[in-house]
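J.: Generate coordinates for the sequence data below:
(chains A and B)
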Amino acid sequence: MKEINQMELKFKALSENESFARATVAGFCLSLNPTIDEITDIKTAVSEAVTNCVVHAYKNQTPGMISIKTTLFDTSVKIEISDNGIGISNIDKAREPFFTTCPNSDRSGMGFTVMESFMDSLNVENLKCGGLKVTMIKTFEQKENKLKKLG
Amino acid sequence: MDIKYRNYNNVLYVMLIGELDEHTAKYTSKTLDDIFMTTISKQIIIDLSELKFMDSTGIGVLIGRYKKMKSKGVSIFISNPSYHAEKIFKLTGLYDIMPKIS
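T.: Numbering: from 1, shown residues only, chains lettered A, B, ... in the order given. This next block holds a predicted model:
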């Protein structure tokens, strides 16, 4: 896997930054000629991870920062989203569909499930220095296959 | 997020225009609640043809409205979802409580 490009984005954990974050990451992937469907998958997965940081990472404290490192390879993208927040005490539990720590608010508990099913891989880990890191990889379908599909 | 609605023959049509995520969720929930509470109808149809983006926060918004209206005997249906919104609906099983109509 040859690394061909990389960018890092840092912004405050505010909900108004969500559309900026997902559009920026999606725009950075365009040089790999993704399909509209692949781009929407990426936008949605980034939105889910950023929402988690906005809603949970800095709960009951001043919003901190969120960083997104995006690395492009020949045919795939790796997106690493991290914060300096409170982390997750039970990651396996948090990844279960419909699990939510706020059952009385309108939360679906499907964030990690959406990331997992829209991307090719999802890794969630607590950072030693505090905070959480979500790493997602998506491989883009190759041009030859796209052309074959078109006939 | 812009929300338009009209009531016709006891059916309330609501159109969501824009992006539904964490940032617009509160406004969307509150506006829908206000419209649903002040309009008398037996059925609600939510038209998503102008919804440009939605993530699982949107599912939370929809499920919350379903819970509120279910106790009043009002059913909610989804109309014109994008390919992508449909992907999230199928993944989360939303159609089980809010069926799609054409």
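J.: centroid residue for chain A?
T.: By CA atoms, centre = their mean, chain A has its centre lying nearest to A:Val46, at 3.3 Å.
J.: tell me the SS of the closest residue in space to that one that isn't next to it in sequence?
T.: In this structure, A:Val46 finds its nearest non-sequential neighbour in A:Arg22, 4.4 Å apart by CB to CB, 6 or more residues apart in numbering or on different chains. The way it works is simple: take the backbone N, C-alpha and C, and place the C-beta from them, glycine included. Three-state call for A:Arg22 (DSSP: H, G, I helix; E, B strand; the rest coil): helix.
J.: in chain B, what residue is nearest chain A?
T.: Residue of chain B nearest chain A, by CB to the nearest CB: B:Gly64 (3.3 Å).
J.: got the contact list for that residue?
T.: A:106, B:29 (CB atoms under 8 Å, 6 or more residues apart in numbering or on different chains).
J.: One more pass at 10 Å, please.
T.: Going by CB atoms under 10 Å, 6 or more residues apart in numbering or on different chains, B:Gly64 touches A:105-108, B:25, B:28-29, B:32-33.
J.: Give the helix, strand or coil label for it.
T.: B:Gly64 falls in the helix class when you classify it by three-state DSSP.
J.: and if you look at A:Val46?
T.: Secondary structure, three-state DSSP: A:Val46 is helix.
J.: quick one: the helices in chain A?
T.: Under the criterion DSSP state H, chain A contains helices at A:18-28, A:36-52, A:91-94, A:111-118, A:143-150.
J.: burial count for residue 7?
T.: Just so you know, I chose chain A. A:Met7 has 13 neighbours, counted by other CB atoms under 10 Å in any protein chain shown.
J.: nope, chain B please
T.: Number of residues near B:Asn7 (other CB under 10 Å) recorded here: 15.
J.: go on, the one 4 residues further on?
T.: A total of 13 residues lie near B:Val11 under the criterion other CB under 10 Å.
J.: so what's residue 24 closest to, chain neighbours aside?
T.: Just so you know, I chose chain A. Here the residue nearest A:Thr24, using CB to CB, 6+ apart, is A:Leu9, at 5.9 Å.
J.: wrong chain, I was asking about chain B
T.: Using CB to CB, 6+ apart and skipping residues adjacent in sequence, the residue nearest B:Thr24 is B:Met1, 4.1 Å away.
J.: What is the most widely separated pair among the contacts of B:Gly64?
T.: Spatially, the most separated pair among the contacts of B:Gly64 is A:Ser108 and B:Asp33, at 17.6 Å (CB to CB).
J.: Tell me which residue lies nearest the centroid of chain B.
T.: Centre-most residue of chain B, counting by CA atoms, centre = their mean: B:Ile46, 4.4 Å.
J.: This completes my enquiry, with thanks.
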